[in-house]
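Asker: Quick one, what's the 3D model for this:
(one chain, ligands or ions: 1)
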Amino acid sequence: MSWADEVAKRLPSMIALRRDFHRHPELSFQEKRTSEIIAERLTKAGLEVRTGIAKTGVVGVLRGDKPGKTIAWRADIDALPLTELLQAPFTSGTPGVMHACGHDGHTAIAITAAEILAARRAELPGTVVFIFQPAEELLSGAKPMIEAGVLDSPRVDEIYGLHLTTQDPAGKVNVRPGPTMASGDGFSIDVVGQGGHGAYPHLSIDPMTAAAHILIGMQSLVTKEVAAKETVVLTVGQLLAGTKNNIIPDKAVMRGTLRTFDMNVREQMLGRLQSFISDMARAYRAEASMEMTMGCPPVVNPERETGLVHRCAAEELGESAVFQGNPVMASDDMGLFLRERPGCYFRVGISPTHDRKVPHHAPEFEMNEDGLPVGLRVALSVLTSRLRA
Ligand code: NI
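Answerer: Sure thing, here's the model as predicted:
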């Protein structure tokens, strides 16, 4: 059975919903209006709704009238601190906040899927748990939702979700087994010396020189201590120190991100960074300490469930619409859910048809809405086939 007709009927409502979220974006853990709308729609559709989970998260439980498994669908709901440059009737009405990653689309797809399945509750086997997670952009929303028990009551057997992407053509579904998105750790390093006059560096301890050597030296950890076949990205994006050309400051701060696909490599790097930075600082008589600011594991899709998603997508859309793309260095805290339960996180193309390819997290980000019904059809196909399994 194809979901094409049912989805076509709901399409205007789903597009309107996505545009409404786009017009009213909210930052991580501040998704107040967004959660209210989610809760309102799910309640109206007859789901059991829980709100205020991990501050602004929402869970909707849909119990079918027939016995079956319990399958979760996860959507992230937050926007980014950017001022939108795209001109559209639904352009963000909030300066400095913008849906530039497609989470407005994820939210609209999940709500519409819930509404469609709720209308068929009588023939629905099992239970669907719709998880609307806040603060994915901080990689901070999944953990408190899991701790709040969203996978436990009712006990979820498997979890699925999708991310829209401008890297793939609209209508294409990118399903990849194994590591598919990188781990994402943020770190902040304080290098502390002793300030003084730029004319007399020998009377000071210069934290900037120590920081510079730490920064360069950290890259050698990647090339000299990690096996060549592994993937590691270590980027310092902020280097903050000093006030004036002839004053040696007493402190330098470096902030950066570490990404990889393998948990062992991640642990190895995090462990080595700690000792490397303090040893390196000591060589310059400074002291350094590192603090982790956020973190999540890689998204690793198990073979079996990923194969099932591939089959569902191919049955629904035709085999030519489904392909296996490359892993990406971006991170997503869906990885935490997939450490708790089997499932799959796949991608659905929303690339605009014109030549201006704009990446996610850019103020010109643009979604080709033709990808939305495709995502919804695959979501429905995956959910119903897994419930029955
Ligand atoms: Ni995203």
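Asker: right, and Met39 touches Thr51 too?
Answerer: Just so we're on the same page, residue 39 is Ala rather than Met. Yes. Counting by CB atoms under 8 Å, Ala39 does reach Thr51; the two are 5.0 Å apart. Every residue, glycine included, has its C-beta placed from N, CA and C.
Asker: which one of these two has more residues nearby?
Answerer: Using other CB atoms under 10 Å, the more surrounded residue of Ala39 and Thr51 is Ala39, with 19 against 16.
Asker: For Thr83, see how far away Val309 is.
Answerer: 36 Å (CB to CB, to the nearest Å).
Asker: try Ala283
Answerer: For Ala283 relative to Thr83 (CB to CB), the value is 43 Å.
Asker: Pro327 too?
Answerer: Taken as CB to CB, the span from Pro327 to Thr83 is 31 Å.
Asker: These two: who's more crowded?
Answerer: Each of Pro327 and Thr83 has its neighbours counted (other CB under 10 Å); Pro327 has more, 16 against 11.
Asker: got a list of what that one touches?
Answerer: Pro327 makes contact with Arg176, Gly178, Pro179, Thr180, Met181, Ala182, Thr231, Phe261 under the criterion CB atoms under 8 Å, 6 or more residues apart in numbering.
Asker: ok, the residue nearest to the first one when sequence neighbours are not counted to Lys172 distance?
Answerer: Which is Arg176. Counting by CB to CB, 6 or more residues apart in numbering, Arg176 lies nearest to Gln324, which is 5.1 Å off, once chain neighbours are set aside. From Gln324 across to Lys172, the span is 11 Å (CB to CB).
Asker: quick one, which of those two is more surrounded?
Answerer: Lys172 (22 against 13).
Asker: What pLDDT is listed against the more buried one?
Answerer: The model reports Lys172 with a pLDDT of 97.
Asker: try Val358
Answerer: pLDDT at Val358 comes out at 82.
Asker: Chain neighbours aside, what residue packs nearest to it?
Answerer: Glu364 (4.5 Å).
Asker: Glu31: what's it in contact with?
Answerer: Thr56, Ile77, Asp78, Pro134.
Asker: Cross-check the contact I'm expecting between the first one and Gln30.
Answerer: Yes. Using CB under 8 Å, Thr56 makes contact with Gln30 at a distance of 6.9 Å.
Asker: If you count surrounding residues, which of the two has more?
Answerer: Neighbours were counted for Thr56 and for Gln30 using other CB under 10 Å; Thr56 has more, 25 against 17.
Asker: which element is Glu6 on?
Answerer: When elements are assigned from DSSP states H and E, Glu6 belongs to helix 4-23.
Asker: May I have the helix or strand that that helix is followed by as PDB, with CA atoms only?
Answerer: Toward the C-terminal end, the helix or strand that comes next after helix 4-23 (DSSP H and E) is helix 32-45. Output of helix 32-45 as PDB, limited to C-alpha atoms (Å, rounded to 0.1, in the frame of the first residue of the first chain):
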ATOM      1  CA  LYS A  32       7.600  27.600  24.100                       C
ATOM      2  CA  ARG A  33       5.200  28.500  21.300                       C
ATOM      3  CA  THR A  34       6.400  25.500  19.200                       C
ATOM      4  CA  SER A  35       5.700  23.000  22.000                       C
ATOM      5  CA  GLU A  36       2.300  24.500  22.700                       C
ATOM      6  CA  ILE A  37       1.300  24.000  19.100                       C
ATOM      7  CA  ILE A  38       2.700  20.500  19.000                       C
ATOM      8  CA  ALA A  39       0.800  19.600  22.200                       C
ATOM      9  CA  GLU A  40      -2.400  21.200  20.900                       C
ATOM     10  CA  ARG A  41      -2.300  19.300  17.600                       C
ATOM     11  CA  LEU A  42      -1.500  16.000  19.300                       C
ATOM     12  CA  THR A  43      -4.200  16.400  21.900                       C
ATOM     13  CA  LYS A  44      -6.700  17.300  19.300                       C
ATOM     14  CA  ALA A  45      -5.700  14.100  17.300                       C
END
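Asker: For Glu287, see how far away the residue nearest to Arg176 is.
Answerer: For Gln324 relative to Glu287 (CB to CB), the value is 48 Å.
Asker: One more: Pro169?
Answerer: The value you get for Pro169 to Glu287, if CB to CB is used, is 52 Å.
Asker: what's the burial count for the nearest residue to Glu303 once chain neighbours are set aside?
Answerer: Nearest residue to Glu303, sequence neighbours excluded (CB to CB, 6+ apart): Pro177, at 4.9 Å. Neighbourhood size, Pro177 [other CB under 10 Å]: 17.
Asker: which residues does Pro177 contact?
Answerer: With CB under 8 Å, 6+ apart, Pro177 has these contacts: Asn301, Pro302, Glu303, Thr306, Gly307, Gln324.
Asker: Sticking with Val59, tell me its helix or strand.
Answerer: strand 57-63.
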